[in-house]
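Enquirer: one predicted model, sequence on top.
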Amino acid sequence: MDQKKSRNQRIAVVDVTTMTITIYKQEFRVLDLQRFDDNLIIGIDSPIYMTTYVKVDIDNEKTEVIKRLNQ
């Protein structure tokens with residue numbers, strides 16, 4: 001049985017104060033990050049074909065995993 005590999009992208013944020021990396025659950029096709037406003041990430045998903053504007057509030061977004069980084 002062949003497994004189809006997902007090429008979708010997710011947002012990961014590294015917090016150097018708490019030494020954690022947070023990977024968010026939402027998937028994107030081709031993510032073009034435009035800017036960061038406080039805890040809001042703004043960008044475009046699939047900038048050439050079927051463009052969708054994206055606003056991700058990292059305080060309210062569902063997380064996939066939070067990992068502790070080695071110090």
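Expert: Noted; the coordinates are in hand. Everything numeric in this text was worked out from a predicted model, so none of it was measured.
Enquirer: every contact and neighbour count from this point should use C-alpha atoms.
Expert: Fine.
Enquirer: list the residues that contact the residue positioned nearest the centre of the chain.
Expert: For the chain, the residue nearest the mean C-alpha position is residue 11 (1.3 Å; C-alpha atoms, centre = their mean). For residue 11, the contacting residues are 23, 24, 26, 27, by C-alpha atoms under 8 Å, 6 or more residues apart in numbering.
Enquirer: for the residues you listed, pick the one with the most neighbours.
Expert: Taking other C-alpha atoms under 10 Å as the neighbour criterion, residue 24 ranks highest of the contacts of residue 11 with 19 neighbours.
Enquirer: follow-up on the earlier one: mind checking which of the contacts of residue 11 are in helices?
Expert: Among those, no residue falls in helices (DSSP state H).
Enquirer: from those, which is closest to residue 67?
Expert: Lowest distance from residue 67 to those (C-alpha to C-alpha) belongs to residue 23, with 8.4 Å.
Enquirer: distance check, the closest one against residue 51.
Expert: 23 Å (C-alpha to C-alpha, to the nearest Å).
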